[in-house]
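In: here is a sequence together with a model predicted from it:
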Amino acid sequence: MMAAALLNGSRCSSGFRCQNFAKEPTTSLPKTRPFPMPLKAFSSKGSSTSTSAKLKSSLMPSLFGGGSVIKKKEINVLSPDITAPIFVPEFLDPFDDEYDGVIINPENLPSSANAFVSALRASLSNWKLKGKKGVWLKILSKQADLVPIAIQEGFSYHHAEPGYVMLTYWIPVEPCMLPGSPSHQIGVGGFVMNDKREVLVVKEKCPRSCSGMWKIPTGYINKSEDLFSGAVREVKEETGVDTIFLEMVAFRHVHLVAFEKSDLLFVCMLKPLSFEITIYEKEIQAAKWMPLEEFVKQPFYLEDDMSRKVIDICIKAYDDRFNGFIAHELASKLDGKLSCLYHNDY
C-alpha cells in the first residue's frame with residue numbers, strides 16, 4: 001500500500017530523514033485519501049497553463065525507495081514505497097502435558113473478547129499443525145466473560161471448582177481420549193466402640209430416610225485428605241471424641257446418587273482416646289454411647305441388609321475375628337510422592 005509522506009523533516013518509514021525544502025512551504029494531504037491523487041488536485045485555480053506543462057519536470061526519481069517527488073509551486077510531496085505491516089496474531093501461553101496435549105496458562109489470557117478469540121483461533125490452528133491433541137483451558141472467575149466465547153469456538157465443559165471452570169478441546173478427528181470429569185464422591189464412616197461394648201452413635205438433622213435413627217458418624221472427605229484422616233476428623237467434628245485409626249473394614253460403591261454421581265463410602269474402625277461428647281449442633285441433633293445390642297436391634301438395621309452386614313463386620317473386627325486393611329505409607333516412582341496403600345497384613 002502506498003502512503004503519502006510530508007517533507008517536513010520527519011523520519012520516513014524507510015529509516016531516512018526526508019529532505020526539508022526551506023524555500024518552498026509544504027502542505028499536508030488529507031490522511032484519508034491514498035496517493036496518488038487525481039492530477040487535477042495539483043492544478044492552481046485560475047491558471048491557464050496546461051496540465052502537461054504544469055507537471056513538466058515535476059516527476060523526479062525518488063532516492064527514498066522508488067517513489068516520486070512531485071515538485072510544484074508551494075507543494076512538495078514524497079511518496080516512498082511503504083509496505084503495510086503484516087498482522088501476526090498473538091498465541092495463547094501454553095505448556096505441554098504428558099499426552100501430546102497443551103495446558104493453557106490462565107494467568108496470561110487476553111482480557112478483551114476480541115483479543116481472546118483471535119489468539120484462541122490462531123493457537124488452535126498452530127497446535128493442529130503441530131499434531132497436538134487435547135487442549136485444557138482453565139478460566140478463572142474474574143475471566144468468566146470468556147467462557148461463552150470458548151464454548152462457541154468448540155470447547156466443552158469438563159468440571160468446575162470454586163474460583164474457576166475447566167474447559168477442554170479435542171483436536172484430532174477421532175474419538176476424544178481425554179478423561180471425563182470427576183465421577184465419584186468419597187465418604188467415610190467411623191465405627192467407634194469402647195471397652196463397655198458401647199457404640200458411639202449420632203442422630204443427624206436431616207429429612208432423609210435416616211432421620212431419627214442412631215447411626216455411626218459419617219461424612220465426605222476433604223480435598224487432599226487421606227481416608228483414615230477423614231474418618232478421625234468426622235468423628236471429632238460430630239461428637240467431640242478423639243480417636244485413632246485402626247483399620248478399614250469395608251467399603252460400599254453405589255451409582256447415580258447426588259448430582260447423578262457415583263458414591264464410595266469407606267468404613268473405618270477407630271479406637272477412642274476420649275469419651276466426653278460435644279455435638280456439632282449445625283448438623284447433629286444428638287450423640288451418645290449406645291449399648292451394642294440396642295444399636296443393632298433398631299428397625300432400620302433389622303430391615304437393611306447392607307447396613308446390618310457392615311455392623312456385623314465391624315463387630316468381628318473388634319473381636320479380632322476379621323482383619324481389615326491397614327494404611328501403609330509408601331513412595332511411588334510414578335509421581336515421586338508418598339501415598340497410602342491399604343492392605344491387610346499377611
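Out: Arrived safely.

In: how does the chain divide up, domain by domain?
Out: 1-86, 94-170, 184-340 (automatic domain parsing).

In: could the ones you listed be laid out in TSV, adding distance to Tyr346 and mean pLDDT?
Out: C-beta coordinates here come from the backbone N, C-alpha and C atoms, glycine included. TSV is the format used below for these (distance: least, CB to CB, whole Å; pLDDT from 0 to 100):
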stretch	distance to Tyr346	mean pLDDT
domain 1-86	70	43
domain 94-170	35	96
domain 184-340	9	94
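
In: who wins for proximity to Met177 among those?
Out: Across the domains of the chain, Met177 has its closest neighbour in domain 94-170 (7.2 Å, CB to CB).

In: how long is the closest one end to end?
Out: Start-to-end span of domain 94-170 (CA to CA, to the nearest Å) is 15 Å.

In: where do the strands sit along the stretch 151-300 of the chain?
Out: 156-161, 164-170, 184-192, 198-204, 218-220, 243-254, 262-272, 284-291 (DSSP state E, counting those that start in this stretch).

In: including distance to Glu90, could these go into CSV?
Out: Output for the strands of the stretch 151-300 of the chain, formatted as CSV (distance: least, CB to CB, whole Å):
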stretch, distance to Glu90
strand 156-161, 24
strand 164-170, 18
strand 184-192, 39
strand 198-204, 54
strand 218-220, 43
strand 243-254, 48
strand 262-272, 42
strand 284-291, 55
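
In: closest one to Lys297 among these?
Out: strand 284-291 (9.7 Å).

In: list the helices and strands the closest one packs on?
Out: Here strand 284-291 touches strand 198-204, helix 227-239, going by 3 or more CB pairs under 8 Å, 6 or more residues apart in numbering; DSSP states H and E.

In: give me the number of residues near Phe155?
Out: Residues lying near Phe155 (other CB atoms under 10 Å) number 21.

In: please apply the same query to Leu246.
Out: So Leu246, with other CB under 10 Å, has 18 neighbours.

In: please apply the same query to Arg197.
Out: 14.

In: give the contact list for it.
Out: Taking CB atoms under 8 Å, 6 or more residues apart in numbering, we find Arg197 in contact with 291-292.

In: centroid-nearest residue for this structure?
Out: For the chain, Lys138 is the residue whose C-alpha lies nearest the centre (CA atoms, centre = their mean; 2.2 Å).

In: that one and Gly163: what is the separation?
Out: Taking CB to CB, to the nearest Å as the measure, Lys138 falls 10 Å from Gly163.

In: out of the helices and strands packed on strand 284-291, which is closest to Pro94?
Out: The nearest among these, by CB to CB, is helix 227-239 at 35.2 Å.

In: can you list the buried residues in that closest one?
Out: Within helix 227-239, the residues that count as buried by 16 or more other CB atoms under 10 Å are 227-236, 238-239.

In: now distance to Asp96 too, for those residues, in JSON lines please.
Out: Compiled in JSON lines, those are given as follows (distance: CB to CB, whole Å):
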{"residue": "Leu227", "distance to Asp96": "33"}
{"residue": "Phe228", "distance to Asp96": "36"}
{"residue": "Ser229", "distance to Asp96": "34"}
{"residue": "Gly230", "distance to Asp96": "34"}
{"residue": "Ala231", "distance to Asp96": "39"}
{"residue": "Val232", "distance to Asp96": "40"}
{"residue": "Arg233", "distance to Asp96": "38"}
{"residue": "Glu234", "distance to Asp96": "40"}
{"residue": "Val235", "distance to Asp96": "44"}
{"residue": "Lys236", "distance to Asp96": "43"}
{"residue": "Glu238", "distance to Asp96": "45"}
{"residue": "Thr239", "distance to Asp96": "49"}
